[in-house]
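>>> when you get a sec, could you give me coordinates for this:
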Amino acid sequence: MADELRDRIVTGLHVGRLHGSEQLPSVRAFAAEFGVNERVVLGALRLLADEGFVELRPRSGAYVAAPHPAGTETLPHLGSWIVGLLVQARARGIPPLQFADYVRRCLETRHVRAACIECNEDQLHLLCSELSADHGYIAEGVYLDDLNAANPPLAIRKADVLITTTFHAGRVRVIGHRLGKPWIAVALRPDIVGTVGRYLQQGPVYYVAVDPRYEKKLRRMLSPLGPTSNLRVMIVGRDSLAEIPRDAPTFVMTSARERLQKQFGVRGGPGRPIHPARHFSDEAARELLAFIVRMNLDALASAG
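Numbers count the residues shown, from 1 in each chain. The predicted structure follows:
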């Protein structure tokens, strides 16, 4: 009987009818199927468990043992994710060895221009830098006050897409519709927002920026999260950054980081610097990536 069960498991795995960790029929069911005593079935299952074909779980039953000839169970989380991605690509007809080139062509066949629109230098710098570094856009900043549908700035006219934050979505939507250009409103990661709110509840929170206009905007943004009386906005060149306590949570805007490094050779920032690797929410990143991939796929189709 052990030979028959072994052949059933091996064949089932080979043709995909069985999968690792799949539960086998009960001992009683096997005994009835093969016309033998249940003790014979138990003996066969124990033998197969010793050989590595079956896993016996107390008070649960017998399960098909998943073969791991290459030790794939030891892959780190990122490695497992990549393997899953490659398997999905293979199912869609993209050989794993060609996947990297396929992704590159979906992102780099066509240079996509974005006009980033905001009311202050700090948020403009953040939008442009993350769009460029993370998503490959050619990003150029435009101040909100310079918007003019009748005579838009050159960056707006050349742009494939207009990108702003949710604060100015209404105005940018109108401009986009008038000019026949798509637009995307970017939101921040909710975990970053939550972190700021917790810090504000606990005590002073410092922001280092370069544009005085950002302070008023920031207080509007953070007012629902906690007492803005705990918010301290320090402007490079206007305020003494030495006043920031060494252990104070301090968000250094990307614009300020660049200014501090260029002018003073300072990396990081004062206080206890908090530098999120990325600021855009997952939903915003999905919209941005969907747009750039769509533009590249269109370019590939036109060229092919």
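
>>> so how many other residues sit close to D191?
10 (other Cβ atoms under 10 Å). The way it works is simple: take the backbone N, C-alpha and C, and place the C-beta from them, glycine included.

>>> with the one 4 residues further on instead?
The tally of other residues near T195 (other Cβ under 10 Å) stands at 17.

>>> how far away is it from A133?
Applying Cβ to Cβ, to the nearest Å, the value for T195 to A133 is 22 Å.

>>> for stretch 236-247, measure first residue to last.
19 Å (Cα to Cα, to the nearest Å).

>>> now do that stretch: distance to the chain's middle.
Mean-position distance between stretch 236-247 and its chain equals 33 Å (Cα atoms, centre = their mean, to the nearest Å).

>>> just stretch 282-295 next, same as before
On Cα atoms, centre = their mean, the centre of stretch 282-295 falls 11 Å from that of its chain.

>>> next: stretch 181-193.
13 Å.

>>> next, the distance between the ends of it.
End-to-end distance for stretch 181-193, by Cα to Cα: 30 Å.

>>> now do stretch 171-190
24 Å.

>>> average model confidence for that stretch?
Mean pLDDT, computed over stretch 171-190, is 93.

>>> buried residues, the one helix or strand V87 maps to. List them.
Per DSSP states H and E: V87 is located in helix 77-91. Residues of helix 77-91 classed as buried by neighbour count (16 or more other Cβ atoms under 10 Å): L86, A89.

>>> what packs against it?
Packing partners of helix 77-91 (3 or more Cβ pairs under 8 Å, 6 or more residues apart in numbering; DSSP states H and E): helix 96-108.

>>> what residues sit buried inside stretch 162-176?
In stretch 162-176, counting by 16+ other Cβ under 10 Å, buried: L162, I163, T164, T165, F167, H168, A169, V172, I175, G176.

>>> how far out from the middle of the chain is it?
Counting by Cα atoms, centre = their mean, stretch 162-176 comes out at 23 Å from the chain centroid.

>>> picking up where we left off before, most widely separated two among the buried residues of stretch 162-176?
Within those, F167 and G176 form the most distant pair, 15.7 Å apart (Cβ to Cβ).

>>> give me every residue that touches I9.
I9 makes contact with L18, L48, F53, V54, V64, according to Cβ atoms under 8 Å, 6 or more residues apart in numbering.

>>> now, which of these lie within strands?
If you go by DSSP state E, those have V54, V64 in strands.

>>> ok, residues contacting the strand or helix carrying S129?
S129 is part of helix 121-135 when elements are defined by DSSP H and E. With contact meaning Cβ under 8 Å, 6+ apart, helix 121-135 is reached by 114, 116, 118, 137-143, 163-165, 186, 209-211, 213-214, 217, 253-256, 258, 278-280, 285, 288-289, 292.

>>> please tell me how far S132 sits from L126.
Taken as Cβ to Cβ, the span from S132 to L126 is 11 Å.

>>> neighbour count for the two, which is higher?
L126 (20 against 15).
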